[in-house]
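**Q** below: sequence and its predicted model.
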Amino acid sequence: MSDFEYAPALESKAIANISKDYGLFINGKFIASHNKKRFETINPANEEVLAKISLADEVDIDKAVKAARAAYVKVWSKMSGKERAKYLFRIARLLQERSREFAVVESLDNGKPIRETRDIDIPLSAAHFFYHAGWADKLEFAGFGDKPKAHGVVAQIIPWNFPLLMLAWKIAPALATGNTVVLKPAETTPLTALLFAEVCQQADLPPGVVNIITGDGSTGAALTKHPDIDKVAFTGSTEVGKLIARSLAVSNTPVTLELGGKGANIVFEDAPLDQAVEGIINGIFFNQGHVCCAGSRLLLQENIHDEFLSKLQKRMSKIRLGDPLDKNTDIGAINSAAQLAKIHELSSSGQAEGADIWSAPCQIPNKGFWFAPTIFTGVTQAHRIAREEIFGPVLSVLTFRTPQEAIEKANNTPFGLSAGVWSDKGSRILWAGNHLKAGVIWANTFNKFDPASPFGGYKESGWGREGGRHGLGAYIKGAK
Amino acid sequence: MSLDIKKTYKLFIAGAFPRSESGRSYEIKDKKGNFIANPAQASRKDLRDAVLAAKNAHSSWASATAYNRGQILYRIAEIMEGRSEQFVAEIMAMESVTSKQAQVQVRQAIDTWVWYAGWSDKISTIAGSTNPVAGPFFNFTVAEPLGVVGIVADEKSSLLGVVLGLAPVLAAGNCAVLLASQKRPLSAITLAECLATSDVPAGVVNILTGLSDELTPHLASHMEIDGLDLSGVDSKSAAALRISSVDNLKRVHSFSAEKSPGRILSYMEYKTLWHPIGV
């Protein structure tokens, strides 16, 4: 029997109104950067230039922080929670109204499949604003004291893997709790943040409450070091997170960090195997594996190893890699040449250290940055591919014999962001859930996110939580 | 007349009272400059042994029922009560306080254990949640103990500071390595003797005496310590300790001298678990 072939189902680019160049969004207006320096943002699926972006330096940052301070002192800190809430509700609605446009732009700038931007990134971003809008006038009931106070001006730095969603995770709780914001999107994915600046204008958000400054790593570093910042929130690599934490240790500026992971996805012998296969696929190949909480280590109970692996490989052979704007696409482009090089380097180390590599038979496009879904078997805990975050579609498979061994291996990492448990036995799931050192445990599911659900890591995966009641604490002075 | 039997003040590691492996001690004097004792001067190796003991004790302490932990904390208060006079005498020897003030401090220290004993099986109720996610999932968040916490207690009230540091850390289900005040270490060691004769499992609390400048940097940089309480460190030294604590992203706090559930939660981590709902 021959398989059905999928005909391309392309989403139109026409809806994406991308300007040729963008200024910095400071005090409610787009303005040229002080030094007129620009950089390009490209579509990683075909390497075409999408727009020219301003590179903010210290002078621009100072201007943005001053705008945020003025907005905090004169407007935002005086406004009632009830009124702040209305702005957040407006933003949520505007994002919903423009969701298709946002989905296309996100897909173009990031390389992720339109199916994911359309069904996950954009609706969850809107949901985050809607959820936090409701908190803005109820903060005294959130368990942080009778008179919860904002920090003031918050500096926020976000990564390129979920550009708009990470913006929403940062800006929504900050505004709900009464802070003003200077946010720097990632160098390779600035577009939806700049579109979001337009949404702020459409929502009539008071100028200076949200400021978006674009740039590279040096811009981010300078932002965190600005003396008039009251709080820093960062999502990105553990390495950069530690640099920020050290640089703020003297001033003791409050910091929350959402950092790397090396999540274990544990499949017990009694697990529903077909369902688990889907979960493992979602755990590591969702968003090209550019996910801090990815289930990048598969821990298989030894007696199901061979059966599970053959099911997994069969399923991986059906994964469709290609044009991110094709609605059939499962795996899009790797976000940048630099990230692709990093994935290649770690993948080579896996082979050099003696693990066995297998990649799904995908047609790799000629242009752009791509990496076929890959698994390594025969991986030991000492291998780099079992210890280091790859941040790509690469899964390391290890085995265990007893539940205790599974937990020991799962916890044998300095990270502690996520873990998965697959089993049909309730008591075993709760036992494993108890013993896993991770901030988010997905049992018989994986990579689920919701604004009501706190997210964040143990150990070197970060400080603090985002989302839910607990996430509000990051933006309230002195909250524990 | 009969001569006093003077106490030898030693370290408290893994439930035992060793001298420093370095063989060192240092002299402490009372407020009038008279000799009091030669407590052990702990070395980096002693600190590492203490951390190891805490690490080894953690999994059974964290998995003890909260009810059980609460009873054990209450038991510490019981044992301290019987030693009140000794605590008062030691506080008066070290601090410029009246007998009345020393008695108040001991009373507060004992009451602090009782207060936190009651928290051990309530903190998760207050801090946890079920989360109404937009999908067919049961989703809940619980507060869990962090692991090993290093404590440099506030030394203004030498006994109360130690208890304010230890009690919330233990109520949460953590193990502790506490550096006693360099100048006023007596209360901490006598407290260790109470802990050793109460039901606190060996290694759950470890107490070191010695020189702060020598020991605190190792406490801050040790990769098996998960949290730090720097309440007893001046702000200038705290900055340097915070920098080295970043190596493993320790949770670092310092507190004013009062009790609060926030102090327990500072050394707990939130864990969120998702499970599908279906037939």
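**A** Everything's here; your move. Numbers count the residues shown, from 1 in each chain, chains lettered A, B, ... in the order given.
**Q** distance of the nearest residue to A:Lys86 once chain neighbours are set aside from A:Arg90?
**A** In this structure, A:Lys86 finds its nearest non-sequential neighbour in A:Ala133, 7.7 Å apart by CB to CB, 6 or more residues apart in numbering or on different chains. C-beta: built from backbone N, CA, C; applies to glycine. For A:Ala133, the distance to A:Arg90 equals 9 Å [CB to CB, to the nearest Å].
**Q** between these two, which has more neighbouring residues?
**A** Taking other CB atoms under 10 Å in any protein chain shown, A:Ala133 and A:Arg90 do not tie; A:Ala133 has more neighbours (23 against 18).
**Q** contacts for the host helix or strand of the more buried one?
**A** For A:Ala133, the element it lies in under DSSP states H and E is helix A:122-135. Helix A:122-135 has contacts (CB atoms under 8 Å, 6 or more residues apart in numbering or on different chains) with A:85-86, A:88-89, A:91-93, A:95-96, A:99, A:102-103, A:106, A:142, A:164-165, A:167-169, A:172-173, A:175-177, A:449-452, A:467, A:472, B:134.
**Q** just the buried residues of these.
**A** Burial by neighbour count, judged by 16 or more other CB atoms under 10 Å in any protein chain shown, picks out A:85, A:88-89, A:91-93, A:95-96, A:99, A:102-103, A:106, A:142, A:164-165, A:167-169, A:172-173, A:175-177, A:449-452, A:467, A:472 from these.
**Q** so which of these sit within helices?
**A** Residues of the buried ones among the contacts of helix A:122-135 located in helices (DSSP state H): A:85, A:88-89, A:91-93, A:95-96, A:99, A:102-103, A:106, A:164-165, A:167-169, A:172-173, A:175-176, A:472.
**Q** flag every buried residue along stretch A:144-158.
**A** A:144, A:148-158.
**Q** what separates stretch A:329-338 from the chain centre, distance-wise?
**A** On the basis of CA atoms, centre = their mean, to the nearest Å, stretch A:329-338 sits 15 Å off its chain's mean C-alpha point.
**Q** could you do stretch A:426-434 as well?
**A** Relative to its parent chain, stretch A:426-434 has a centroid offset of 27 Å by CA atoms, centre = their mean.
**Q** just stretch B:57-71 next, same as before
**A** Distance, stretch centre to chain centre, for stretch B:57-71: 15 Å (CA atoms, centre = their mean).
**Q** for chain A, give me its nearest residue in chain B.
**A** Per CB to the nearest CB, B:Gly262 is where chain B lies closest to chain A, at 3.4 Å.
**Q** what about that residue, distance to B:Ile126?
**A** For B:Gly262, the distance to B:Ile126 - CB to CB - is 11 Å.
**Q** could you check which of those two has the larger neighbour count?
**A** A direct count of neighbours by other CB under 10 Å for B:Gly262 and B:Ile126 places B:Gly262 higher, at 18 against 13.
**Q** which element follows the helix or strand hosting that one toward the C-terminus?
**A** According to DSSP H and E, B:Gly262 maps onto helix B:261-265. Where DSSP H and E defines the elements, the next helix or strand beyond helix B:261-265 is strand B:268-276.
**Q** name the helices or strands packed onto that following strand?
**A** Strand B:268-276 sits against helix A:426-435, strand A:440-443, helix B:123-127, strand B:137-145, with contacts defined as 3 or more CB pairs under 8 Å, 6 or more residues apart in numbering or on different chains; DSSP states H and E.
**Q** which one of those lies nearest to B:Ser59?
**A** Closest to B:Ser59 of the helices and strands packed on strand B:268-276 is helix A:426-435 (CB to CB; 8.6 Å).
**Q** neighbouring contacts of the closest one?
**A** Identification of contacts with helix A:426-435 by CB under 8 Å, 6+ apart yields A:266, A:268, A:270, A:403, A:406-407, A:411, A:421, A:423, A:441, A:443-444, B:63, B:271, B:273, B:275.
**Q** mind redoing it with 10 Å?
**A** With contacts defined as CB atoms under 10 Å, 6 or more residues apart in numbering or on different chains, helix A:426-435 is touched by A:266, A:268, A:270-271, A:403-404, A:406-408, A:410-411, A:419-423, A:425, A:441-444, B:59, B:62-63, B:140, B:142, B:144, B:271-275.
**Q** need the strands for the stretch 1-150 of chain B, in chain order.
**A** Assigned by DSSP state E, counting those that start in this stretch, the stretch 1-150 of chain B shows strands spanning B:28-29, B:35-37, B:129-130, B:137-145, B:148-152.
**Q** okay if I get those as TSV plus mean neighbour count and distance to chain A?
**A** Shown next, in TSV, are the strands of the stretch 1-150 of chain B (neighbours: other CB atoms under 10 Å in any protein chain shown; distance: least, CB to the nearest CB, whole Å):
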stretch	mean neighbour count	distance to chain A
strand B:28-29	16	31
strand B:35-37	16	35
strand B:129-130	16	6
strand B:137-145	20	5
strand B:148-152	28	12
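**Q** could I get these as TSV with distance to B:His218 and mean pLDDT?
**A** Putting those into TSV (distance: least, CB to CB, whole Å; pLDDT from 0 to 100) gives the following:
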stretch	distance to B:His218	mean pLDDT
strand B:28-29	21	92
strand B:35-37	24	93
strand B:129-130	38	98
strand B:137-145	23	98
strand B:148-152	9	98
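**Q** count of residues packed around the closest residue to A:Phe391 other than its chain neighbours?
**A** Spatially, and ignoring its direct neighbours in sequence, A:Phe391 is nearest to A:His290 (5.6 Å; CB to CB, 6+ apart). Neighbour count for A:His290, taken as other CB under 10 Å: 23.
**Q** B:Leu208 versus B:Leu215, what's the distance?
**A** 6 Å.
**Q** B:Glu27 too?
**A** Distance, B:Glu27 to B:Leu208, by CB to CB: 17 Å.
**Q** tell me which of the two has more neighbours.
**A** Set B:Glu27 next to B:Leu208 and count neighbours by other CB under 10 Å: B:Leu208 wins out with 27 against 10.
**Q** now do the contacts for the nearest residue to that one once chain neighbours are set aside.
**A** Closest residue to B:Leu208 apart from its sequence neighbours, by CB to CB, 6+ apart: B:Ala42 at 4.1 Å. Counting by CB under 10 Å, 6+ apart, B:Ala42 touches B:10-11, B:13, B:18-22, B:24-25, B:49-50, B:179-180, B:207-211, B:214-215, B:218.
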